[in-house]
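Participant: generate a structure from the sequence data that follows.
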Amino acid sequence: MRIPPLHGLRFAFGTLTVLPVPVTRWDRVAARAGMLCAPLAGVVVGGIAGLLGAAALVAGAGPLLAAICAAAVPAVLTRGLHLDGLADTADGLGSGKPAAEALRIMKQSDIGPFGVITLVLVLLAQVAALAEAYGGSWERGALAAAVSATAARLALTLAARRGIPAARPEGLGAAVAGVVPVRGALAVAVAVAAAAAAGGALSATYGAVRAAAAVVVAAAAAELLLRHCVRRFGGVTGDVFGGLAETAGTAALVVLSLG
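Facilitator: Numbering: from 1, shown residues only. Just a heads-up that it's a prediction; the model follows:
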């Protein structure tokens, strides 16, 4: 069943950002279109983040402050849901408990020691990598923020592919688990890598190869975490999706900061 692209965009922006975009359909058909459009939400989030960091740099702030500004935008535009998901996933994995008990731990409102440590290290890595980028130029920093946010949402598209089960029968994870055809997910991945390569080449900041490599490494890092979570929890949850996004985005930034 085909669905108008507008419904997919509404689903992507309405569920993955706090932007005032109403979700007009909430079913698996709309979810499929929405998850295929997820990287587009990343382009917008990353674009806003990159421009805010660039504006701070132009206004006289140092690279570190510009990096903090850029890193704060994705957290604000997602209400911190991806970071919260990362922390909950870390607590679940770090608990060493059987799947049912680990999932119960992840549903608790508090954050345990594994979650705190993971959040601190990931945020430090993101800010450090962005500071390295903004230290080169505002264009370099802006592109790094955009590629990172887009790669983070690409990880969601790939994780929602068919064959990946939901760990729970309810929640956002269950709503989007297995909705994306494998070929569709791969096509989106190729498109994102190509777009990153074009951006790297046209801006003369990273080059096509490094920008594309950042997307590939981000997807690979998220895939490793995804497979581990499926083994441990029996499938994916909304928290796992958040953890995958933060893992992919951080991996992309690290690749772009090297050299």
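
Participant: could I have stretch 108-118 exported to PDB, CA atoms only?
Facilitator: Taking C-alpha atoms only, stretch 108-118 is exported to PDB below (Å, rounded to 0.1, in the frame of the first residue of the first chain):
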ATOM      1  CA  GLN A 108      12.400   2.900  35.200                       C
ATOM      2  CA  SER A 109      12.400   6.600  35.300                       C
ATOM      3  CA  ASP A 110      15.700   7.000  37.100                       C
ATOM      4  CA  ILE A 111      19.200   6.600  35.400                       C
ATOM      5  CA  GLY A 112      21.700   4.100  36.800                       C
ATOM      6  CA  PRO A 113      25.500   4.300  36.900                       C
ATOM      7  CA  PHE A 114      26.000   2.700  33.500                       C
ATOM      8  CA  GLY A 115      23.600   5.300  32.000                       C
ATOM      9  CA  VAL A 116      25.300   8.200  33.700                       C
ATOM     10  CA  ILE A 117      28.800   7.100  32.600                       C
ATOM     11  CA  THR A 118      27.700   6.500  29.100                       C
END
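
Participant: so what touches it?
Facilitator: By CB atoms under 8 Å, 6 or more residues apart in numbering, the residues outside stretch 108-118 that reach it are 84, 86-88, 90-91, 93-95, 105, 119. To be clear about C-beta, it is placed using only N, CA and C from the backbone, and glycine gets the same treatment.

Participant: pLDDT of that stretch, averaged?
Facilitator: What stretch 108-118 shows for mean pLDDT is 92.

Participant: taking the contacts of stretch 108-118 one by one, which sit in helices?
Facilitator: 84, 86-88, 90-91, 93-95, 105, 119 (DSSP state H).

Participant: which among those gets closest to residue 192?
Facilitator: Closest approach between these and residue 192, by CB to CB: residue 86, at 20.8 Å.

Participant: that closest one: neighbour count?
Facilitator: 26 (other CB atoms under 10 Å).

Participant: about what we covered before: in CSV, list the contacts of stretch 108-118 along with distance to residue 13.
Facilitator: Formatted as CSV, the contacts of stretch 108-118 follow (distance: CB to CB, whole Å):
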residue, distance to residue 13
84, 19
86, 21
87, 24
88, 23
90, 27
91, 29
93, 30
94, 32
95, 34
105, 31
119, 25
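
Participant: give me the lowest-pLDDT entry from those.
Facilitator: residue 95 (89).

Participant: how about the residue sitting furthest away from the middle of the chain, secondary structure?
Facilitator: For the chain, the largest distance from the centre (CA atoms, centre = their mean) belongs to residue 60, which lies 29.3 Å off. Judged by DSSP: H, G, I helix; E, B strand; the rest coil, the three-state class of residue 60 is coil.

Participant: contact partners for it?
Facilitator: Counting by CB under 8 Å, 6+ apart, residue 60 has no contacts.

Participant: and it, what are its phi and psi?
Facilitator: phi 110, psi 0 (degrees, to the nearest 10).

Participant: residue ranges with poor pLDDT in this protein?
Facilitator: Scanning the chain for pLDDT under 70 picks out the ranges 1-5.

Participant: can you show me the helices along it?
Facilitator: With DSSP H as the criterion, the chain has helices at 5-16, 28-36, 38-58, 63-77, 81-95, 99-107, 113-136, 138-159, 172-176, 182-203, 208-233, 238-257.

Participant: so which of the contacts of stretch 108-118 comes closest to residue 248?
Facilitator: Nearest member of these to residue 248, counting by CB to CB, is residue 86, at 10.9 Å.

Participant: surely the closest one touches residue 241?
Facilitator: No - look at residue 86 against residue 241 with CB atoms under 8 Å: they stay out of range, at 10.1 Å.

Participant: tell me, how many neighbours does the nearest residue to residue 207 once chain neighbours are set aside end up with?
Facilitator: Spatial nearest neighbour of residue 207, chain neighbours left out: residue 200 (5.3 Å); criterion: CB to CB, 6 or more residues apart in numbering. For residue 200, the neighbour count with other CB under 10 Å is 23.

Participant: all good on my end, thank you.
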